[in-house]
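A.B. asks: give me a model of this one.
(chains A and B)
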Amino acid sequence: MSYRENSITVSLVSYLLILGYYLVNWLRMYQEEGLNSAVIFKLWGIVIVAGIVLNIVGNILTNIVLSIVHAIKTGTDKEPRFVEDERDKLIDLKGTKASYITFSIGVFLAMLSFVFGQPPLVMFSLIIFFSLTAEIIGDISQLYLYRRGVRYG
Amino acid sequence: MDKRRVRNNIRKLRFHNNEMTQEQLAEKVGVTRQTIIAIEAAKYAPSLELAFRIALAFDVPLQDVFSYTADDKSA
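C.D. replies: Got it, this is the predicted structure:
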């Protein structure tokens, strides 16, 4: 696996963990006490901050681990080449597109919750859920394109 | 319209250039080794600029490296 694939895998795993944490807590709250704005705001805060922190820490750790592995493999202390070339940029672009499409559909579905008489907290909860799902779909599509190959257009 | 694909002779050219490794070619043209692997396997069609850089790395004209042929034909 290349540096970019490792980095995307770390991002995917961190978003899956955060989504799991969010769903478990949200469902427990929904079943036990109903949606309480003070508690749910806290949950959203935790999810957003965790998303940012886990990704930064994950990327730093990936860099360190890959540098160590590279040094062991090559037997030199020459820094590895973590270049982002045109193929990486194209795959990144396509992954971002997949994320935006997923998020757009998610926002539309979240708006639909109003039609079915749900409170605003449900709509915002759905938006947070779909923003995490969009990141996951983006990462999966990038990994898929790295494996299957990518074309312009 | 018939289905065509960008094919290449990079593997052969590397062999004829002192068995140049994929890593060496990647460094020469400024991409990752994975991109060279993908181009060789026809899983990625490079940009025109990268195609020219690869041709320059082997010191041959572009058409000696890349061809645009139908799916059932090889380069």
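
A.B. asks: only C-alpha atoms for contact and neighbour calcs from this point on.
C.D. replies: Noted.

A.B. asks: for residue 26, give me its contacts.
C.D. replies: Reading this off chain A. When contacts are counted by Cα atoms under 8 Å, 6 or more residues apart in numbering or on different chains, A:W26 is found next to A:I40.

A.B. asks: sorry, should have said chain B
C.D. replies: By Cα under 8 Å, 6+ apart, the residues touching B:A26 are B:T32, B:R33, B:T35, B:I36.

A.B. asks: and the residues you listed, which of them are in strands?
C.D. replies: Among these, no member is found in strands (DSSP state E).

A.B. asks: inside helices: which ones of those residues?
C.D. replies: B:R33, B:T35, B:I36 (DSSP state H).

A.B. asks: quick one: is the helix or strand harbouring A:F108 near chain B?
C.D. replies: Per DSSP states H and E, A:F108 falls inside helix A:86-115. Yes: residues of helix A:86-115 are located near chain B by Cα under 8 Å from any Cα of the partner chain, namely A:E86, A:R87.

A.B. asks: next SSE after that helix?
C.D. replies: helix A:120-148.

A.B. asks: residues contacting the residue of chain A at minimum distance from chain B?
C.D. replies: Nearest residue of chain A to chain B, counting by Cα to the nearest Cα: A:G149, 4.6 Å away. When the contact criterion is Cα under 8 Å, 6+ apart, the partners of A:G149 are B:A38, B:K43, B:Y44.

A.B. asks: A:N59: neighbouring residues, count only.
C.D. replies: 17 (other Cα atoms under 10 Å in any protein chain shown).

A.B. asks: just checking, it touches A:S7?
C.D. replies: Yes: contact criterion Cα atoms under 8 Å: A:N59 and A:S7 qualify, at 6.2 Å.

A.B. asks: is the helix or strand of chain A with the lowest mean pLDDT anywhere near chain B?
C.D. replies: Here the helix or strand of chain A ranked lowest by mean pLDDT, DSSP states H and E is helix A:37-74, holding a mean of 86. No: shown here: helix A:37-74 not in contact with chain B (Cα under 8 Å from any Cα), separated by at least 12.9 Å.

A.B. asks: that helix: how far from the chain's middle?
C.D. replies: Here the centre of helix A:37-74 is set off from its chain's centre by 11 Å, with Cα atoms, centre = their mean, to the nearest Å.

A.B. asks: then stretch B:4-12?
C.D. replies: 6 Å.

A.B. asks: which positions within that stretch qualify as buried?
C.D. replies: B:R5, B:V6, B:R7, B:N8, B:I10, B:R11 (16 or more other Cα atoms under 10 Å in any protein chain shown).

A.B. asks: give the contact list for A:Y100.
C.D. replies: A:A134.

A.B. asks: show me what contacts A:R148?
C.D. replies: By Cα under 8 Å, 6+ apart, the contact list for A:R148 reads B:K43.

A.B. asks: give me that answer again for 10 Å
C.D. replies: By Cα atoms under 10 Å, 6 or more residues apart in numbering or on different chains, A:R148 lies in contact with A:Q142, B:A38, B:K43, B:Y44.

A.B. asks: what is the neighbour count of the last one?
C.D. replies: What it means is B:Y44. Neighbour count of B:Y44, defined by other Cα under 10 Å: 22.

A.B. asks: same check, this time on the second one
C.D. replies: By other Cα under 10 Å, the residues close to B:A38 number 19.

A.B. asks: so it sits against B:A45, correct?
C.D. replies: Yes: here B:A38 lies in contact with B:A45, judged by Cα atoms under 10 Å, at a distance of 8.5 Å.
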